[in-house]
Every structure is written in structure tokens, then in C-alpha cells.
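Colleague: next comes the sequence, and after it the predicted model I'd like to discuss.
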Amino acid sequence: HGNACPYEALQVSTDIVEAINSDGSLTAFANLTLTPEERFVLSYWNWAYSLISSANEILLFSEKNTNWDSPADKEHFQAEARFFRAYAYRTLIYLYGDVPYVGTILYDFKLNFTRTPKDEVLRHIIDDLKFASEYLPDDPDQVKDGKLTKWAALHLLSEMYLLQKDYVSAEKAALDVINSKHYELMKTRFGVNKDKPGDVFSDLFIENNQNRGSGNLESIWVLQLEYNSTGGGSNSTDWTRRAWIPNYSAITGFVLADTLGGRGIAQIVPMKWWIGTGGTNATGDVAGIYNSNDIRNSNYNIKRNWYYNNPSYSSLYGKKCNITDATWFSTKQLFPALTKFFYGRAENLSLTGSYRDRMKFRLSETYLLLAEAYLGQNDPAKAASAMNEVRRRAGVPDIDATNLTMDELLNERIRELVGEESRRFTLVRTGKLLDRVRAYNTTIKDKITDKDLLWPIPQSIIDSNRDAEFPQNPGYN
């Protein structure tokens, strides 16, 4: 994307994080001063259409090819291409609304594109995912790590049916994944650290625990990364660690350590209302949204106690460094930190990127998509049953159907998926972006309007489309 913070642009101006003294490329997204000239407004557009172009090229030439290795290869490669085309259009309609639908390679230069209605694009997305779910491999144990299966397509299909408000179809797609017998929520310790202190939720995010070979049967689709390996990603591929981990090494008495998350610079910081202060904040405690027994709030998953670790400062070494409002919201040097994003290499602690395999879809989210589908059908009892599968793994009491609202489901998605999901997408899909920002984001609660439900269309796209009118999104003219 040509600059820092593209990932963070999908997290800020929602209900979960603040952007304080962050990279300038994030500022307009965080404070709702977006213009059609902003870098990521264009780069997300270009990324999506580049992926669409590649998918369309595969689809076009797959129809011309006559020397497949096996009879099923044609549909297999088409299924992969159509999944990724759907994945790209998903981003486009979440961010921009109506966008040009291009279903094949265009050989003639074109300057008269028009905006296809979002609902029509969404129908194409669903068609692609239905095809993908039919022709992608069924058995995840028979594919290489990171390769798609039909279950990844069905997981995403459930989400897209939710966006379409076809809640019955969303329910069916989610249940197909859940009932496939290939996946299960991890409820016992597993992987490389199973005999060390921790819990099963923290095991999910330990390096090398993301794929099925580690015993992880929860992951449905995993982005493959590997340090110092060709094709294993670059230092800019995954900056979630850089985004979420405090800049603790700037405090006298600290030194970079992989056990403290590696090099973080806190481009975004968690809001108090959900993560809570854990009794460490000098200006008063905030409870947060976690039950006291929730393993997702354990010390293994949210680091709240920080101890000086630089032996060169003997007067401080081993002593606790307290979190304060200043360290949290002014210097960004210390605050409760999500260990799911910890990553460090002892031989190169100054790394900015993370090279741990990254779970894109996992079964706990499928259950929460199912709960959302049941809420859409006004069936809170079944929604509670689906959500309680996730809560029981976390060790918290079942939620009663009478207490299950969309807001509570969105809170559960924070507990389970914060930072993994694109929070903007979730809030736009559920129609709760404005309400949640006004309730929890004090910086922009009086500023956000209907205009902010979409990003602007990149100005360079409008300017280059000179042979047909290409209207800007409302409020950005």
C-alpha cells in the first residue's frame, strides 16, 4: 500500500481503538477527515482490482486450456480464482459501496466505467463463492497448508449472505462448515508450548500452532508466512504486531524482547471501555467487557503486568512498571497488550514485521456468524446456543437468550476476534457503525455521520473515467 498503517485504517474510527500520535497516513481515517486523494483510499481500490484482474485472467485462459493434468483441474483452478475475485469484491463493496463489476479481461482501453449497484455486485460475489464451495477440495488434510478448501468458501459465503440479509442461507452455509466434522474448537492444550504455562486460547497464537499439523483443528484458512524464506512474506507483510504492541522499549529500564512482543510502536491503542484497566490505572479502574473467568482475559492473552527487563539498570531490573494514562494515551509506551500479536526473533529484535502464520478464518468466527444469522431471523435462543459454544471454550457462563442483542454479539466478537477481524467491515455489515462509534469512540462520537459509512471513490479514478459520469460517494464532493 506504499506506506504504514493500511491494516489499521480498517480498525480506527470504530469502537475498539484510538490512534494517538500515529503515522500520518492514518490520521484522516482516524479523525474522519478523509478525502478522495488519501493514499489508502486509492491503494485498497488498486489492490482489489489487481486481484480481480489476476482472477479474471485465470478464468479466461482456463477455458482455453486443453492439457489439464487431471479432469478436475479446470474447475479446481477456477474455484480458487473465483474465491479470490469474491474476496476482492467483498473489500470493495464494504469500503466504497457501488463499484464497477468487471467479470472478465478487458482488452480494449476503457474510460467509460459505471458504478454497478452494490446489491448486484454482492450477487456476483455469492455466485463465485457457491462455485468455489462446490469445486474446492473437501478434505483439509489433503491440501497443503494455506490452500483453500470448500469450507473457507462456505465460511465467507455465510458472511456475504449476512450482508445480503439472507439469514436462512447464512445459517445453512455456517452450519455446513460446523457440521463438516473437519473442524472443532480447540478446548485442550496443544502445540509447541502445550506443556508450558498458558491456556488453550493462547496456544492458538503461538508460532507454528496455526496449521493442522500442530493439532489445530480450528483454523479454516491460514495465511502462510515464514521468516527468512523466499515466498514467506516480507517485513511489511504483517504489521499487526507493530500496530498493537506498546512502545515499551522507549522506557528507561526496558529492552526489546520477544517475550514482551518484539518491536511495537502502538500505531493504535485499545480503548479502556472493552479491554479494561485490570486495576493498574492510577486514575481509576474500568471493568472492561470480560467475565472474571474468561481465559481470553488471562495474563497469557492480555499482558497487564510489565516488569523492567534491562539488566543494565540494576535499580529497576525485575520491578514492576505501572501503566498510567500517560503511558497509555500520551506516550503509548505501556498499556494492556494483546499477546495474540506478540512476535519477536531473538536474532533480530528490531524487526517491524511478523512472520507467524496468520489465521484468516477460524471456526469460532463461524459460530459467531451463525449466531448473527439466527439474530437476523429473530431467534435469540438459537443465537445464544451458537455463541455459547465459543463462550464455553473461554470458560465463561452461558448467555441467556433474553440478554443476547446485536451489541452483545459485537462485544463477543471483540473478546474472541479483536484485531483478527476487520472491525469496520463487521460494523458496516451489522448496521452498527454509527451507534457503536457514538457510544464508545469519544474522539469522533459527535462527528461521525452517514457519510462515513463509506470511503470516498479515489479522485484519480473519477478523473480518468472521462467518457462517462462516475459519481462520488455522498458527502465527499
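Modeller: Ah, there it is. Numbers count the residues shown, from 1 in each chain.

Colleague: all helices for the stretch 151-300 of the chain, in order.
Modeller: Using DSSP state H, counting those that start in this stretch, the helices of the stretch 151-300 of the chain run over 167-178, 200-203, 240-244, 272-275.

Colleague: list the buried residues of the last one.
Modeller: It refers to helix 272-275. Neighbour-count burial for helix 272-275 flags Lys272, Trp273, Trp274, Ile275 (criterion: 16 or more other C-beta atoms under 10 Å). All C-beta spots, glycine's among them, are computed from the backbone N, C-alpha and C.

Colleague: if we take those, which one ends up nearest to Tyr300?
Modeller: The closest of those to Tyr300 turns out to be Ile275 (C-beta to C-beta; 15.1 Å).

Colleague: give the contact list for that closest one.
Modeller: Shown in contact with Ile275 (C-beta atoms under 8 Å, 6 or more residues apart in numbering): Gly288, Ile302, Pro336.

Colleague: with those residues in mind, which one is nearest to Trp151?
Modeller: Ile302 (29.9 Å).

Colleague: number of nearby residues for that closest one?
Modeller: Ile302: 20 surrounding residues under other C-beta atoms under 10 Å.

Colleague: same question, Thr114
Modeller: Taking other C-beta under 10 Å as the criterion, the count of residues near Thr114 is 12.

Colleague: got it, and Leu32?
Modeller: By other C-beta under 10 Å, the residues close to Leu32 number 16.

Colleague: okay, the contacts of Ile275 in a markdown table with distance to Glu8 and pLDDT next?
Modeller: Formatted as a markdown table, the contacts of Ile275 follow (distance: C-beta to C-beta, whole Å; pLDDT from 0 to 100):
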| residue | distance to Glu8 | pLDDT |
| --- | --- | --- |
| Gly288 | 22 | 96 |
| Ile302 | 19 | 98 |
| Pro336 | 18 | 98 |
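
Colleague: Pro336 touches Val269, doesn't it?
Modeller: No - the pair Pro336 / Val269 is not scored as a contact, 9.5 Å apart, by C-beta atoms under 8 Å.

Colleague: could you find the closest non-adjacent residue to the most centrally placed residue in the chain?
Modeller: Nearest to the geometric centre of the chain sits Glu421, at 2.6 Å (C-alpha atoms, centre = their mean). With sequence-adjacent residues excluded and distances taken as C-beta to C-beta, 6 or more residues apart in numbering, Glu421 is closest to Arg413, at 6.4 Å.

Colleague: per-residue pLDDT, that neighbour?
Modeller: We have a pLDDT of 98 for Arg413.

Colleague: tell me the SS of it?
Modeller: Of the three states, Arg413 takes helix under DSSP: H, G, I helix; E, B strand; the rest coil.

Colleague: I figured it hits Thr426, correct?
Modeller: Yes - under the criterion of C-beta under 8 Å, Arg413 makes contact with Thr426 at 6.2 Å.

Colleague: have a look at this protein and report its longest helix.
Modeller: Looking across the chain with DSSP state H, the single longest helix is helix 39-64.

Colleague: on that earlier part again, so which of the buried residues of helix 272-275 comes closest to Glu120?
Modeller: Trp274 (36.4 Å).

Colleague: give me the pLDDT for that closest one.
Modeller: pLDDT, Trp274: 98.

Colleague: what's the nearest residue to it if we skip its chain neighbours?
Modeller: Among residues not flanking Trp274 along the chain, Ile289 sits closest, at 4.8 Å (C-beta to C-beta, 6+ apart).

Colleague: same question, Ile399
Modeller: Of all residues not flanking Ile399 in the chain, Ala384 sits nearest, at 5.4 Å (C-beta to C-beta, 6+ apart).

Colleague: what is the helix or strand harbouring the one you found packed up against?
Modeller: Using DSSP states H and E, Ala384 sits within helix 380-394. In terms of contacts (3 or more C-beta pairs under 8 Å, 6 or more residues apart in numbering; DSSP states H and E), helix 380-394 is packed against helix 200-203, helix 363-376, helix 406-417.

Colleague: residues contacting the residue nearest to Glu18 when sequence neighbours are not counted?
Modeller: In space, not counting the residues next to it along the chain, Glu18 is nearest to Val269; the distance is 5.2 Å by C-beta to C-beta, 6+ apart. Residues in contact with Val269 (C-beta under 8 Å, 6+ apart) are Val17, Glu18, Ala19, Ile20, Pro246, Trp328, Phe329, Lys332, Phe335.

Colleague: and what of Gly353?
Modeller: Residues in contact with Gly353 (C-beta under 8 Å, 6+ apart) are Gly233, Ser234, Asn235, Ser236, Thr237, Asp238, Trp239, Arg241, Arg242.

Colleague: read off the pLDDT value for the second one.
Modeller: It refers to Ser234. On pLDDT, Ser234 comes in at 90.

Colleague: that one: neighbour count?
Modeller: Ser234: 9 surrounding residues under other C-beta under 10 Å.

Colleague: check what pLDDT the closest residue in space to it that isn't next to it in sequence gets.
Modeller: Spatially, and ignoring its direct neighbours in sequence, Ser234 is nearest to Gly353 (6.8 Å; C-beta to C-beta, 6+ apart). In this prediction, Gly353 carries a pLDDT score of 89.

Colleague: what helix or strand is Gly353 on?
Modeller: Residue-wise, Gly353 maps onto no helix or strand under DSSP H and E.

Colleague: do the same with the one 3 residues further on
Modeller: Element membership of Arg356 [criterion: DSSP H and E] is none; it lies in no helix or strand.

Colleague: distance of it from Ala468?
Modeller: According to C-beta to C-beta, to the nearest Å, Arg356 stands 45 Å off from Ala468.

Colleague: more crowded one of these two?
Modeller: Per other C-beta under 10 Å, whichever of Arg356 and Ala468 has more neighbours is Arg356, with 23 against 11.

Colleague: wait, that one touches Tyr343, no?
Modeller: Yes - using C-beta under 8 Å, Arg356 is in contact with Tyr343, at 5.4 Å.

Colleague: who's in contact with Tyr101?
Modeller: Taking C-beta under 8 Å, 6+ apart, we find Tyr101 in contact with Tyr89, Thr116, Glu120, Val121, His124.

Colleague: which residues touch the second one?
Modeller: Meaning Thr116. Going by C-beta under 8 Å, 6+ apart, Thr116 touches Asp98, Val99, Pro100, Tyr101.

Colleague: the nearest residue to Tyr248 once chain neighbours are set aside: neighbour count?
Modeller: The shortest distance from Tyr248 to any non-neighbouring residue, by C-beta to C-beta, 6+ apart, is to Phe254 (5.0 Å). Applying other C-beta under 10 Å, we find 22 other residues in the vicinity of Phe254.

Colleague: can you pull the phi/psi pair for Phe254?
Modeller: Phi and psi for Phe254, reported as degrees, to the nearest 10, are phi -110, psi 150.
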